[in-house]
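>>> here is a sequence with its predicted model. Questions after.
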There are 2 protein chains.
Amino acid sequence: MCELLGMSANVPTDICFSFAGLVRRGGGTGPHGDGWGIAFYDGKACRTFHDPQASADSEIARFVRAYPIKSRIAISHIRRANRGRVSLENTHPFTRELWGRSWTFAHNGQLKGVKQRPLAHYRPIGTTDSEHAFCWMLDQLRTIWREAPPQAALDRAIRDLSRELATLGVFNLLLSDSRSLYCHCSTRLALLTRRAPFGQATLIDDDIKVDFATETTPNDVVTVVATRPLTSDEQWTELGHGAFLALRGGEVVG
Amino acid sequence: MCELLGMSANVPTDICFSFAGLVRRGGGTGPHGDGWGIAFYDGKACRTFHDPQASADSEIARFVRAYPIKSRIAISHIRRANRGRVSLENTHPFTRELWGRSWTFAHNGQLKGVKQRPLAHYRPIGTTDSEHAFCWMLDQLRTIWREAPPQAALDRAIRDLSRELATLGVFNLLLSDSRSLYCHCSTRLALLTRRAPFGQATLIDDDIKVDFATETTPNDVVTVVATRPLTSDEQWTELGHGAFLALRGGEVVG
């Protein structure tokens, strides 16, 4: 199983602390040594870093960990390959454009038979089930709407498509269109919202503490979603099977 | 005018030396302080780094310059904004997927009225003429061919589309589909092929020399394309107005 990390915030926020814990799981404290990637949204566009090497040994991961790129939405994935060889084209998150928005997708799990689903507009570049599922989701959205629909309709459609894919196996998902962060939990996903009064947090996977009170303003709201809790002294909520969430500005809104 | 840099090679090659010269032009020796980006192909996929900050002051540029990512095809662009505000979504190179291939596009020049051309499949995320032109080119290719055509037909189509866009203004182009590097010169583009016997080269924009004889094997062939020559002691060829080239494996093949 791969490890997912997502963030939604109401102000540009760096993800260095959480990412520091995550990357240790990629060949350090965890077995997920088959590459990693991260996407940071900045307005409508998205900056991505990918490396097919284990994140614990990756020069690019060391750079991303040290360099505070601030973002309202970020999605990261470290991979333990079960389908598709270890290569850059199979490294999440995947990105595509739809309705002039930059979409980013990271998944853990396996989806039996998803590659039999025909694709019209989007094609995978690599060979993973995950990228095929992403292309299929965007194909469906594009077939329903030539232009971006109202927010509530889009939220519902992504929820329904996620649930349909989840019937094929395990579908733990992080997805963004630059406005919302969508999460679907098949088996494992935990969530934590940080807001005032901010306290201290300690990483489980590395010897790092942070005092968020010194790093934030009282109005900041930041939600972090991860396969497994990243800190030992905060109250994470484990999502249930089939849970679907839409987050905007750090808040769970759907 | 922005600065372009492209590379085509028959073995994975790092572009650190050329990139070191290019980034100096982004707010250092040149006025192109409105962001920069670079794409490195690794097999079918592509790794990109983008920064809306001046490349001469960019932490990410310093990292890319120092970290030898090896690639057979690379495309870089440093921007002096003339259309579209300075922001990540307006920072070249732009990427899209067509026929399961990752396409990358960087342009300098202006294209009058290109935004009036209707788009069907691809939409710009930012507001530049350049991204609209890229979406239009891919739209045309996709309309002609639902699947990837034979190489010679694709080369001709990209040449014809480039020439059509060039009638709207200035179209200095670097484009790749992960297999070929395509170049179109409206006003300024220079080319240099390095092959055995390799010699020494000295950057124009920075106090750096490299002896390629110690960095290469006798069979390596590397072609570098740039807006202006990057080295003072090698024989660059200035391309003529309307020149179109296809490069594969470091060689000009069309």
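Arrived safely.

>>> who are the contact partners of the residue nearest to residue A:26 when sequence neighbours are not counted?
Nearest residue to residue A:26 in three dimensions, chain neighbours excluded: residue A:55, at 3.1 Å (Cβ to Cβ, 6 or more residues apart in numbering or on different chains). Using the backbone N, CA and C atoms, a C-beta is placed for each residue, glycine as well. If you count contacts by Cβ atoms under 8 Å, 6 or more residues apart in numbering or on different chains, residue A:55 has them with A:22-23, A:25-28, A:32, A:35-36, A:61, A:78.

>>> again, but for residue A:212
A:194, A:198-201 are the contacts of residue A:212 under Cβ under 8 Å, 6+ apart.

>>> what about residue A:161, which SS state?
The assignment at residue A:161 comes out as helix when based on DSSP: H, G, I helix; E, B strand; the rest coil.

>>> right, and it touches residue A:137 too?
Yes: using Cβ atoms under 8 Å, residue A:161 is in contact with residue A:137, at 5.0 Å.

>>> strands of the stretch 1-150 of chain A, start to end?
Ranges of strands within the stretch 1-150 of chain A are A:3-14, A:36-42, A:45-51, A:70-78, A:94-98, A:101-108, based on DSSP state E, counting those that start in this stretch.

>>> buried residues, the longest one. List them.
Taking 16 or more other Cβ atoms under 10 Å in any protein chain shown as the basis for neighbour counts, the residues of strand A:3-14 that come out buried are A:3-10, A:13-14.

>>> quick one: that strand to strand A:101-108, angle?
140 degrees (axes from the mean of the first three to the mean of the last three Cα atoms, to 10 degrees).

>>> tell me how many other residues surround residue A:243.
14 (other Cβ atoms under 10 Å in any protein chain shown).

>>> for it, which non-adjacent residue is spatially closest?
Per Cβ to Cβ, 6+ apart, closest to residue A:243 is residue A:185, 4.4 Å.

>>> confidence score at the one you found?
pLDDT, residue A:185: 98.

>>> got a list of what it touches?
Per Cβ under 8 Å, 6+ apart, neighbours of residue A:185: A:172, A:239-244.

>>> from these, which two are the most distant?
Using Cβ to Cβ, the contacts of residue A:185 span at most 12.3 Å, a distance reached by A:172 and A:240.

>>> neighbour count: the two, which is higher?
Per other Cβ under 10 Å, whichever of residue A:172 and residue A:240 has more neighbours is residue A:172, with 23 against 8.

>>> still on that earlier bit, max pairwise distance over the buried residues of strand A:3-14: which two?
The most widely separated members of the buried residues of strand A:3-14, counting by Cβ to Cβ, are A:3 and A:10 (25.1 Å).

>>> wait, which of the contacts of residue A:185 is closest to residue B:226?
For the contacts of residue A:185, the nearest to residue B:226 is residue A:172 (44.6 Å; Cβ to Cβ).

>>> what pairs with the closest one across the strands?
With DSSP bridges as the criterion, residue A:172 is bridged to residue A:108.

>>> for it, give me its contacts.
For residue A:172, the contact set (Cβ under 8 Å, 6+ apart) comprises A:4, A:107-109, A:184-189, A:227.

>>> now do the helices in chain A.
Assigned by DSSP state H, the helices in chain A fall at A:16-24, A:59-66, A:129-144, A:151-166.

>>> mind putting the ones you listed into CSV with mean pLDDT?
Formatted as CSV, these follow (pLDDT from 0 to 100):
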stretch, mean pLDDT
helix A:16-24, 84
helix A:59-66, 84
helix A:129-144, 97
helix A:151-166, 98
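
>>> can I get the ones you listed in TSV with mean neighbour count and distance to residue A:72?
Putting the helices of chain A into TSV (neighbours: other Cβ atoms under 10 Å in any protein chain shown; distance: least, Cβ to Cβ, whole Å) gives the following:
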stretch	mean neighbour count	distance to residue A:72
helix A:16-24	23	15
helix A:59-66	19	17
helix A:129-144	21	21
helix A:151-166	17	16
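
>>> so which of those is nearest chain B?
For the helices of chain A, the distance to chain B is smallest for helix A:59-66, at 5.0 Å, taking Cβ to the nearest Cβ.

>>> what's the closest one packed up against?
Packing partners of helix A:59-66 (3 or more Cβ pairs under 8 Å, 6 or more residues apart in numbering or on different chains; DSSP states H and E): helix A:16-24, strand A:45-51, helix B:59-66.

>>> ok, now with 6 Å
On a contact count with 3 or more Cβ pairs under 6 Å, 6 or more residues apart in numbering or on different chains; DSSP states H and E, helix A:59-66 meets helix A:16-24, strand A:45-51.

>>> right, is the first one up against chain B?
Okay, so that is helix A:16-24. No: on the criterion Cβ under 6 Å from any Cβ of the partner chain, helix A:16-24 is out of touch with chain B, staying 13.2 Å away.
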